[in-house]
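Asks: Sequence plus predicted model, see below.
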Amino acid sequence: MNMTILSKKLFDYDDENFLIHARDLFDIQILAKTLAYVNLKVAKCPTAFSEHGIGSDTLRMNSVLYELVSHVKDRKVFQGFPQYSYISYPPMIRRVRRKEDFVGWHQDLKYLKSARGLSLHATCVTMFVPLNEIEIESPILEFYDNKNLHELPHDETKQSQNSYRVPEFMLPQASIVRPKIALGDALVFGDKTLHRTSTVGTGVTERVSIEFRFVKELELVSGKDYFCTRNMTLARQG
């Protein structure tokens, strides 16, 4: 993979199992503007986030959210996954306030197959972007560094929107990677990269984040909106 000078490749086994830590990728003022938009929406509509912190369409359906991507400080970051040049619209927005909102060990491939608007895509790459300061008790992501990962079975007892997770006995032997990220950073990873929400503190400090799903041009769905990273525009396919 080609890398931006601001990025660090933490592991890279194939196109669906890799992790990139892109440092200082986003302007702090644009992040603050995005967070202000989220807070304003929530103030006007208290149900903008579900019980488990998943952003509703009321919150997600606004092209202003792609201002973050169109103003990245170094577009070379997209060269790290060149086949995935389109971002599905709308993005995912999450607010994590309590440990009950944490997502256990999982692969995004499982959510990809069940998510509305993404289920017709075979693969994706996720870019995780925190919108507020990362503190000691902020919920953040941990990753399994294992080169032999394939699509793992997930527990499908769907008691909440966060219930897809790999059963403990199915977890492979691997070291755990917990990137130390700061506001302005992003984590980029493949859809088979095993990860979960975690915190090193005993409590939970609220974290608001946005997740962009990058998909392949050959898998674009007619009638669906995408943001193209080649020309930095939002357009409807077909």
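Replies: Everything's here; your move.
Asks: Could you tell me the phi and psi values at A36?
Replies: Phi and psi for A36, reported as degrees, to the nearest 10, are phi -60, psi -40.
Asks: What ranges does this protein have for its strands?
Replies: Applying DSSP state E to the chain gives strands spanning 7-14, 17-22, 86-88, 92-96, 125-130, 140-145, 175-177, 186-190, 195-198, 207-215, 225-228, 233-236.
Asks: Reformat these as TSV; add mean neighbour count and mean pLDDT.
Replies: Glycine gets a C-beta too; all of them are placed from N, C-alpha and C. As requested, the strands of the chain are exported to TSV (neighbours: other Cβ atoms under 10 Å; pLDDT from 0 to 100):
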stretch	mean neighbour count	mean pLDDT
strand 7-14	15	91
strand 17-22	22	96
strand 86-88	23	93
strand 92-96	22	92
strand 125-130	23	96
strand 140-145	20	94
strand 175-177	13	92
strand 186-190	25	97
strand 195-198	18	91
strand 207-215	23	94
strand 225-228	19	93
strand 233-236	12	85
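Asks: Would you format those as CSV with distance to H71 included?
Replies: Listed next are the strands of the chain as CSV, based on distance: least, Cβ to Cβ, whole Å:
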stretch, distance to H71
strand 7-14, 17
strand 17-22, 14
strand 86-88, 14
strand 92-96, 18
strand 125-130, 12
strand 140-145, 23
strand 175-177, 28
strand 186-190, 13
strand 195-198, 26
strand 207-215, 13
strand 225-228, 12
strand 233-236, 14
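Asks: Nearest to G53, out of the ones you listed?
Replies: Among the strands of the chain, strand 92-96 comes nearest to G53, with 4.4 Å by Cβ to Cβ.
Asks: what about that closest one, distance to the chain center?
Replies: In terms of Cα atoms, centre = their mean, to the nearest Å, the centre of strand 92-96 is set 9 Å apart from its chain centre.
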